[in-house]
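Colleague: Based on what follows, work out the 3D shape:
(chains A and B)
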Amino acid sequence: MEGYGNRKIAIERYFSVPKEMDELYKKHSIPVRLPDAPYFVEETQDNARRIEEFASSIEEKLKIRFDAVISCALCKSNSDSITITKPEVAHGNESDGGGLDNSEGRRLASYINANARRSIFINTPGGGTGKLKILFVNDCDMPIQVSINVEEKGMLNLFEYYASVAKSGSIMAPLHEVHAMKGSEVEISMLHNENEHTKVISLIKGDALDNSKLGMNFIYNGATETKAINILSSNGDGSRVHVNEIVYGSGDQKFDINTYIANSKPRSHALLESGAVLDGNSLCILKGFADINKWTKGAKSRITQRGILASENAHIDALPDMKIDYSDEVSATHSAATSPIDKEALFYLNSRGIPEDEARKLFISAFAMKYMMNISEPFALELASSIVLGRIEGREFGSLPELSPKGIWIPVSASR
Amino acid sequence: MKLELKDLRVSIEEKEVVKGVNLKVNQGELHVIMGPNGSGKTTLAKTIMGHPQPKVTGGEILVDGKSILGLKPNERARLGLFLEFQSPTEIEGLGLVSFLNTAKGAITGSRPSFKEFMHEIKENAEKLALKEELIGRSLNFGFSGGEKKKAEILQMAVLKPKMAILDEPDSGLDVDAVKIVAENVNALMKMHGMGAILITHYSRIINYMNPDVIHVMKDGLIVKEGGRDLIREVEEKGYNI
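Modeller: Prediction:
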């Protein structure tokens, strides 16, 4: 863990998405206004107890125990695999990202690195296996660094649940750096269920080395505004990066999700599947960019973006794009489609006795489910689907639904 | 259940597709509708089930003497009507079992217990020679054409309608599968007294069934009715009869 206490862990390697400077990307972007100085709550016993009680209430409801609870007032780890440190350098705003460019990714990463009060380090040793659950509680502005390292032939299944207790405008801003070393298998699922007082800035940079697998599942459900920049690279021969992201928005929620996938080595796979269901006046921008580098024979890259508009005023911009450098035998596809709910599908469900309103919910939940089916941890899948189902039933984001004691029926993916 | 169409006229986007069809199907009866492509058979089937697109411009659809024109598709299903789709919709993410359980609950008013329900589904899947692994999949997703057709019959077997409209249940099926589908429909008719309207282009499936009446539909009208002899006539002369 040597050197992990340095708050600059990610900034040097953090870069802007190549397309970010393009006019099209600039045009389809939700600007993020960062506070001059972050607001932090004090680490008093009272505040810590409040978070402890909140975490316990969730644990009781979900019948699980988190391996770590991360907030401003309380940070605790119950696992040897999770280390929490305080960054070495005093907080401040000295870094503007190195002044190399003015990209959004670099600006936001600089903000987080300059203001983070905690760094989380997750390490799975070579050949080791880890199943971890972390609760992030937004009790004030939370710029936070998370570094995940899965060593050679290690396995990690990490579930991160994001909730808020904030009562006024605050920012949840995790910056992740993920390394899947040779032959490792990593699955990370992030479920955002922050309340209406929270804005999310989520930055992730991850790579998978030779013959490793990196699966990322993002469920963007909570918060009034979400800005996500995910940079995920298949950097090893035969490596696999598979990203599933689903957005569920309603009311005036806004989402700007920018995911970049890259193939850098032969036989590497990088797949991005994005879905969005928007109701009310919500807005979602899905930007997916695939970058296939030179000399990546046998590489496979795919971007699919699908959107469902559940109301007349909802809006989705889907922007799939690719850059392919010279290479033989590369498979690359991208597609995007947005539509209202399929009327023929609704008729099919209606014809089986299911009333229109229920059929509509069934259709939307099925759509969302297909982006969550790769979550292999049953509890996490059940929680994610219950939250999305709850939203479809009209529940506000940020709340926690009751889990069915009988569980839910999850279809097996046809492609498995 | 008795299903009756009285001078039924249906238009799609101002074009009249069904031009005054009369048909009466009693409980337990099997009626076959044959006809060339574009004669209005599928539109007729969808209209009976209450599809929102075809517009009924005249006539009546009666179930046990009462009009169902004002009923929604789900209300018609609750009465006991069932449409076997020519091209069943794929819905990825919606498990077949979960969907059927919801449908069963909607039709009967209470959801069956998981254990009994799974047993019933597996039993019927076996009768249809439908691979068990398909039961755990999303609704029709990734199914072959034949598997979709069998899955439709599986749904019918589980939902136990009183009157089924089978829209080309034999299309895309091999010889053995046609026989299996026919035998399963026969069994449901015998066991539950289900009536059925079978829409088909071919005599093959009818050879395994006992139709009460054969109807030939052309250009939105039933132009001829009869027994098995009519099938032979169609096979010999085509639809120019």
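
Colleague: Around chain A, pick out the residues from chain B.
Modeller: With C-beta under 8 Å from any C-beta of the partner chain as the criterion, chain B comes near chain A at residues B:46, B:49-52, B:72-74, B:76-78, B:82-83, B:85, B:88-89, B:91-99, B:101-103, B:106-107, B:114, B:133, B:136-139, B:141-142, B:155, B:159. To be clear about C-beta, it is placed using only N, CA and C from the backbone, and glycine gets the same treatment.

Colleague: Mark which of these are buried, thanks.
Modeller: Buried by 16 or more other C-beta atoms under 10 Å in any protein chain shown: B:46, B:49-51, B:73-74, B:76-78, B:82-83, B:85, B:88-89, B:91-99, B:101-103, B:106-107, B:137-139, B:141, B:155, B:159, out of the residues of chain B next to chain A.

Colleague: where along the stretch 51-200 of chain A do the strands fall?
Modeller: Under the criterion DSSP state E, counting those that start in this stretch, the stretch 51-200 of chain A contains strands at A:68-70, A:75-77, A:82-85, A:119-124, A:129-138, A:142-150, A:155-164, A:170-180, A:185-192, A:198-208.

Colleague: for B:Leu166, what are its contacts?
Modeller: B:Glu84, B:Val185, B:Ala196, B:Ile197, B:Leu198, B:Ile199 (C-beta atoms under 8 Å, 6 or more residues apart in numbering or on different chains).

Colleague: what's the helix or strand for the fourth one?
Modeller: In this structure, B:Ile197 is located in strand B:195-200 according to DSSP states H and E.

Colleague: What helices and strands are in contact with that strand?
Modeller: Under the contact definition 3 or more C-beta pairs under 8 Å, 6 or more residues apart in numbering or on different chains; DSSP states H and E, strand B:195-200 sits against strand B:15-25, strand B:30-34, helix B:41-49, strand B:163-167, helix B:175-192.

Colleague: Please state the offset of the helix or strand just after that strand from the chain centre?
Modeller: Sequence order places strand B:213-218 as the next helix or strand after strand B:195-200, per DSSP H and E. Strand B:213-218 sits 16 Å away from the centroid of its parent chain (C-alpha atoms, centre = their mean, to the nearest Å).

Colleague: so how far is B:Gly35 from the closest residue to B:Lys179 other than its chain neighbours?
Modeller: If the residues on either side of it in the chain are set aside, B:Lys179 comes closest to B:Tyr208, at 5.4 Å by C-beta to C-beta, 6 or more residues apart in numbering or on different chains. B:Tyr208 sits 20 Å away from B:Gly35, going by C-beta to C-beta, to the nearest Å.

Colleague: more crowded one of those two?
Modeller: B:Gly35 (24 against 15; other C-beta atoms under 10 Å in any protein chain shown).

Colleague: Assess the claim that the more buried one and B:Val216 are in contact.
Modeller: Yes. Here B:Gly35 reaches B:Val216: they are 5.9 Å apart, a contact under C-beta atoms under 8 Å.

Colleague: Quick check: neighbours shared by the two?
Modeller: B:Tyr239.

Colleague: residues of stretch A:111-127 that come out buried?
Modeller: Neighbour-count burial for stretch A:111-127 [16+ other C-beta under 10 Å]: A:111-124.

Colleague: was I right about B:Gly58 contacting B:Ser11?
Modeller: No. If you go by C-beta under 8 Å, B:Gly58 and B:Ser11 don't touch, sitting 9.4 Å apart.

Colleague: higher neighbour count, these two?
Modeller: Per other C-beta under 10 Å, whichever of B:Gly58 and B:Ser11 has more neighbours is B:Ser11, with 17 against 14.

Colleague: Quick check: bridge partners of that one?
Modeller: B:Glu16, B:Lys55 (DSSP bridges).

Colleague: contacting residues around it?
Modeller: With C-beta under 8 Å, 6+ apart, B:Ser11 has these contacts: B:Val17, B:Pro54, B:Lys55, B:Thr57.

Colleague: same check, this time on B:Leu79
Modeller: B:Met1, B:Val63, B:Ile68, B:Leu71, B:Lys162.

Colleague: residues near the fourth one, how many?
Modeller: Applying other C-beta under 10 Å, we find 17 residues neighbouring B:Leu71.

Colleague: So for it, what's the pLDDT?
Modeller: If you check B:Leu71, the pLDDT there is 98.

Colleague: sec struct for it, please.
Modeller: coil (DSSP: H, G, I helix; E, B strand; the rest coil).

Colleague: correct me, but it touches B:Gly50?
Modeller: Yes. B:Leu71 lies in contact with B:Gly50 (C-beta under 8 Å); the separation is 6.4 Å.

Colleague: orientation of the strand holding B:Ile197 relative to strand B:30-34 in degrees?
Modeller: Inter-element angle recorded for strand B:195-200 and strand B:30-34: 20 degrees (by axes from the mean of the first three to the mean of the last three C-alpha atoms, to 10 degrees).

Colleague: what about strand B:195-200, distance to the chain center?
Modeller: Using C-alpha atoms, centre = their mean, the offset of strand B:195-200 from its chain centre is 6 Å.

Colleague: List the residues that contact B:Lys24.
Modeller: Here B:Lys24 is in contact with B:Lys2, B:Leu3, B:Glu4, B:Leu5 (criterion: C-beta under 8 Å, 6+ apart).

Colleague: Show me those that map onto helices.
Modeller: The members of the contacts of B:Lys24 all map outside helices under DSSP state H.

Colleague: now, which of those residues lie within strands?
Modeller: Among the contacts of B:Lys24, the ones falling in strands (DSSP state E) are B:Leu3, B:Glu4, B:Leu5.

Colleague: quick revisit: which one of the contacts of B:Ser11 is nearest A:Gly206?
Modeller: In terms of C-beta to C-beta, no member of those lies closer to A:Gly206 than B:Pro54, at 51.7 Å.

Colleague: so which strand or helix has B:Glu123?
Modeller: Going by DSSP H and E, B:Glu123 is in helix B:114-127.

Colleague: Name the residues that touch that helix?
Modeller: Contacts of helix B:114-127 (C-beta under 8 Å, 6+ apart): A:406, B:97, B:100-101, B:104, B:111-112, B:131-132, B:134-135, B:154, B:157-158, B:180, B:184, B:187.

Colleague: same thing with stretch B:143-153?
Modeller: By C-beta under 8 Å, 6+ apart, stretch B:143-153 touches B:84-85, B:87-88, B:90, B:96, B:128-131, B:134, B:137, B:140, B:169-174, B:177, B:180-181, B:184-185.

Colleague: longest helix of chain A?
Modeller: Longest helix in chain A, counting by DSSP H: helix A:45-62.

Colleague: Now do that one: which elements does it pack against?
Modeller: So helix A:45-62, by 3+ C-beta pairs under 8 Å, 6+ apart, packs with strand A:68-70, strand A:129-138, strand A:155-164.

Colleague: I'd like to know how far B:Glu13 sits from B:Lys72.
Modeller: B:Glu13 is 21 Å from B:Lys72, by C-beta to C-beta.

Colleague: again with A:Glu312
Modeller: 22 Å.

Colleague: Walking through chain A, point out its helices one by one.
Modeller: Going by DSSP H, chain A shows helices at A:23-27, A:45-62, A:104-115, A:343-350, A:356-369, A:378-392.

Colleague: Let's have those helices in a markdown table, adding mean pLDDT.
Modeller: Listed next are these as a markdown table, based on pLDDT from 0 to 100:
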| stretch | mean pLDDT |
| --- | --- |
| helix A:23-27 | 83 |
| helix A:45-62 | 94 |
| helix A:104-115 | 88 |
| helix A:343-350 | 97 |
| helix A:356-369 | 94 |
| helix A:378-392 | 90 |
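
Colleague: Count residues in the vicinity of the residue of the stretch 1-150 of chain A found nearest chain B, would you?
Modeller: Chain B sits closest to A:Lys63 of the stretch 1-150 of chain A, with a gap of 20.4 Å, by C-beta to the nearest C-beta. When counting by other C-beta under 10 Å, one arrives at 9 neighbours for A:Lys63.

Colleague: now swap in A:Glu382 and tell me
Modeller: Residues near A:Glu382, counting by other C-beta under 10 Å: 18.

Colleague: can you redo the buried residues of stretch A:111-127 as TSV with distance to A:Ser335?
Modeller: Converted to TSV, the buried residues of stretch A:111-127 look like this (distance: C-beta to C-beta, whole Å):
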residue	distance to A:Ser335
A:Tyr111	34
A:Ile112	33
A:Asn113	36
A:Ala114	39
A:Asn115	39
A:Ala116	38
A:Arg117	42
A:Arg118	40
A:Ser119	39
A:Ile120	36
A:Phe121	38
A:Ile122	34
A:Asn123	38
A:Thr124	35
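
Colleague: Thanks a lot, catch you later.
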